[in-house]
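Student: Let's see this in three dimensions:
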Amino acid sequence: MGFDSFLGNANAVAAVRGMLAQDRAPGALLFTGPDGVGKKTLALMLAKAMNCERLKDDFCGECGRCKKADELLAAAQEDLARRREIKESQRRVEGLIYFDVQIIEPITRYILIEQIRQLRTVSYTRPFEFPRRVFIIDQAQTIHWQAVDLLLKVLEEPPETTTFVLVCVNPRELRPTIRSRCHPIPFVPVEEQIISKFVANNANLNPAQRALAIRVAAGSIAAAQSIDLRAFLAQRQPWLDFLDAVAPQRKAPSSKVSWKQVFDSTRTLTENRDTFEGTLKIGYTLLRDMMALREVGAEARIVHIDLIQRLKAWSERLGMTGIETIKVALDQAYRQQVRNVNQQLALDALAVELDPHLLRRPV
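Tutor: The predicted structure follows:
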């Protein structure tokens, strides 16, 4: 129990413990870094450590306040789950109650203005049971634009007895004025040695598959614990078909794009809107691998270690011009995924755009 049980990101843990030991915890913290590396987990630990009856720079998990914090956080999660099931938008935010330790997450696609309004109201009152109130705003980048100014006003005049912990992947998705009022705590991918322990528990994988799963997890404990390699390979396959079509591995200058293969693969890539973001992420990792393989000694950074020869062939055929063209298209697809845009047509158009690049054989 305590911070010693936290896996990875020793620098982030040391920074948090140092602030607690010196009684210098700021009014607002910003935890940023990749998904699944423990940002929210450390924020929850911090909330207990700030109120633990026995320890100053840690939490025991056994005192009355630590146990009460666990109860409050569980109640908050149950309340969020219940509200997400409510179909009437107005009723989703009726009767919001915030505890001394509270996690605030999106009820819909956004953290709504009523959620931030309640945060502002409660922040300036004294805690009910704890010496310090802690509000953890998870996925802070999803705060509705109408609510950002409300949060900013609270951060500009922070309450004496409340600490805010904002959690998000990319700090640049937050308004600069929000970032400037928070003390940043950066997180990095967890070391492969730790990730491998979780993957090793999967008896269904052979050594080569475990090695691939470790790379696919990309330093995320959450991903390592839940990885389904068979599903990943199935989701990746249409990208391989697409790249084989637009960047054939034959060396003949007359190699042509296989348009039937292009259309079949783009249809499969885009047929499930619910998983399209994950599909895009796989496309990005394939592009990063192709770029990395153009550098000497970069194989240690490759995610798709089972595809190294094919990656080299695609990279040679596409060249930097083709790789950059695909990246621009993926960036556009990522921005447009929330709109009613025909993503298959966009990928088909990408293949058409790539064809003249391929015929010129860029390097």
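Student: Now do the same for Arg335: its pLDDT.
Tutor: pLDDT for Arg335: 76.
Student: Over to the one 10 residues further on?
Tutor: Among the per-residue scores, Leu345 holds a pLDDT of 76.
Student: report the longest helix in the protein, please.
Tutor: helix 308-336 (DSSP state H).
Student: helices and strands around it, which ones?
Tutor: In terms of contacts (3 or more C-beta pairs under 8 Å, 6 or more residues apart in numbering; DSSP states H and E), helix 308-336 is packed against helix 229-246, helix 276-292, helix 343-359. For the C-beta atoms, the positions are set from N, CA and C on the backbone; glycine is no exception.
Student: To Arg172, which of the ones you listed lies closest?
Tutor: For Arg172, the closest of the helices and strands packed on helix 308-336 is helix 276-292, at 17.0 Å, according to C-beta to C-beta.
Student: Can you give me the distance of Ile214 to Ser258?
Tutor: 33 Å (C-beta to C-beta, to the nearest Å).
Student: Which of those two has more residues huddled nearby?
Tutor: Neighbour comparison, Ile214 and Ser258: the larger count goes to Ile214, with 22 against 16 (by other C-beta atoms under 10 Å).
Student: wouldn't that one be in contact with Gln193 here?
Tutor: No: contact status for Ile214 versus Gln193: not in contact, 9.6 Å apart, counting by C-beta atoms under 8 Å.
Student: ok, Leu212 touching Arg230?
Tutor: No: between Leu212 and Arg230 there is no contact under C-beta under 8 Å: 11.5 Å.
Student: Between those two, tell me which one has more neighbours.
Tutor: Neighbour totals were compared for Leu212 and Arg230, and Leu212 leads with 22 against 11 (other C-beta under 10 Å).
Student: Give me the secondary structure label for that one.
Tutor: Counting by DSSP: H, G, I helix; E, B strand; the rest coil, the backbone at Leu212 sits in helix.
Student: Apart from its neighbours in sequence, what residue is nearest it?
Tutor: Spatially, and ignoring its direct neighbours in sequence, Leu212 is nearest to Asp306 (5.4 Å; C-beta to C-beta, 6 or more residues apart in numbering).
Student: Pop out the phi and psi values for that neighbour.
Tutor: phi -80, psi 0 (degrees, to the nearest 10).
Student: Please report the distance of it from Ala81.
Tutor: Per C-beta to C-beta, Asp306 is found 38 Å from Ala81.
Student: One more: Ile103?
Tutor: 12 Å.
Student: on that earlier part again, which one's more surrounded, Asp306 and Ala81?
Tutor: Asp306 (16 against 9).
Student: Walking through this protein, point out its helices one by one.
Tutor: According to DSSP H, the chain carries its helices in the segments 10-21, 39-49, 64-84, 113-123, 145-156, 176-179, 192-200, 207-217, 221-226, 229-246, 259-270, 276-292, 308-336, 343-359.
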